[in-house]
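K.L.:
Predicted model follows, preceded by the sequence.
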Amino acid sequence: MSLRSTLKFFTTTLPLLAVVVLLLAGGYYFLSYRIAADIYRERLKEVVRQRDELRLLYNEAVRRTAVTELIVAEGKLSVAIRMLDGAEKIIPTPFDPSGEIYVDFAVRDNRLWIRRIFDARTPPLQGIVIDPELGKVDWDAPGHAYGKAVYRSLSQGRWVVTVTGDGSLGLAKRLEGESADLVPAPAVKDYPQIEQEIQGELETISPLDVLERMLHLPSR
């Protein structure tokens with residue numbers, strides 16, 4: 001190629017190639033921005049969906065149910081429970097509520113059953129059995145998983161033992177005039193452990209993401 005031909009190539013062809021490259025680059029970036037906006041929108045929808053699922057799971061797990069009520073009046077302790085037929089039963093005890101009072105439960109067939117009550121000076125086997133069927137639990141039998149207990153000293157008034165959906169027990173004093181609907185045996189569920197947090201921020205859009213969307217390839 002002669003010098004004149006070479007100069008002609010550089011003065012005519014290269015500028016045209018440069019224009020084409022600029023047009024292609026501009027088109028790519030314009031298209032990539034639109035595709036990136038679509039990808040961000042889709043990922044944002046997925047994050048919102050996952051957060052809604054997590055919120056529902058959390059709300060269900062922490063919802064409290066009143067299991068039993070401890071009544072302290074004139075230095076004496078009684079236990080109020082709801083029977084399976086819906087009737088409320090009051091059981092007096094000889095225990096001093098000013099000491100530590102233990103309320104013992106057993107989880108059977110994924111339900112929490114009140115088992116017995118005793119104080120810090122009484123061995124559990126000598127406690128008052130609330131449900132005779134749970135006096136002696138066969139832990140090897142199908143449906144018998146584990147036991148739970150909640151305890152503290154009690155002052156004058158009414159104390160409610162509650163359980164959350166995941167089986168966590170609570171014990172709190174009722175306010176004057178506050179009501180509590182007791183249930184005989186609330187369900188205890190096993191919730192899946194959340195091993196990782198939901199994405200707090202959207203991932204960076206890469207050129208490969210844009211190429212996949214342009215060529216209608218399946219997402220990675």
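P.N.:
Cool, the structure landed.
K.L.:
how about low-confidence regions in this structure?
P.N.:
1-16, 18-21, 23-28, 30-32, 193-207, 209-211, 213-220 (pLDDT under 70).
K.L.:
Identify the residue nearest the geometric centre of the chain.
P.N.:
The chain has residue 58 as the residue nearest its centroid, 3.2 Å off, counting by CA atoms, centre = their mean.
K.L.:
Show the contacting residues for residue 172.
P.N.:
159, 160, 162 (CB atoms under 8 Å, 6 or more residues apart in numbering). Quick note: C-beta positions are derived from backbone N, CA and C, even for glycine.
K.L.:
whoops, I mixed them up, residue 167
P.N.:
107, 112, 148, 188, 189.
K.L.:
On the three-state scheme, it is what?
P.N.:
Secondary structure state of residue 167, per DSSP: H, G, I helix; E, B strand; the rest coil, is coil.
K.L.:
quick one: it from residue 155, how far?
P.N.:
Distance from residue 167 to residue 155, counting by CB to CB, to the nearest Å: 27 Å.
K.L.:
try residue 185
P.N.:
The value you get for residue 185 to residue 155, if CB to CB is used, is 28 Å.
K.L.:
So those two - more neighbours on which side?
P.N.:
Ranked by neighbour count (other CB atoms under 10 Å), residue 185 and residue 155 place residue 185 first, with 20 against 10.
K.L.:
and the nearest residue to the more buried one once chain neighbours are set aside, how many residues sit next to it?
P.N.:
Distance criterion CB to CB, 6 or more residues apart in numbering; nearest residue to residue 185, sequence neighbours excluded, is residue 111 at 4.2 Å. By other CB under 10 Å, the residues close to residue 111 number 15.
K.L.:
wait, residue 111 sits on residue 187?
P.N.:
Yes: if you go by CB atoms under 8 Å, residue 111 and residue 187 touch, sitting 5.7 Å apart.
K.L.:
one step back: checking my notes, the residue nearest to the centre of the chain in a helix, right?
P.N.:
Yes: assigned with three-state DSSP, residue 58 falls within a helix.
K.L.:
Contact partners for it?
P.N.:
By CB under 8 Å, 6+ apart, residue 58 has no neighbours at all.
K.L.:
Repeat that for residue 128.
P.N.:
79, 91, 93, 116, 117, 118.
K.L.:
Go through those and name the one nearest residue 173.
P.N.:
The closest of the contacts of residue 128 to residue 173 turns out to be residue 79 (CB to CB; 15.2 Å).
K.L.:
Having no further points to raise, I will conclude here.
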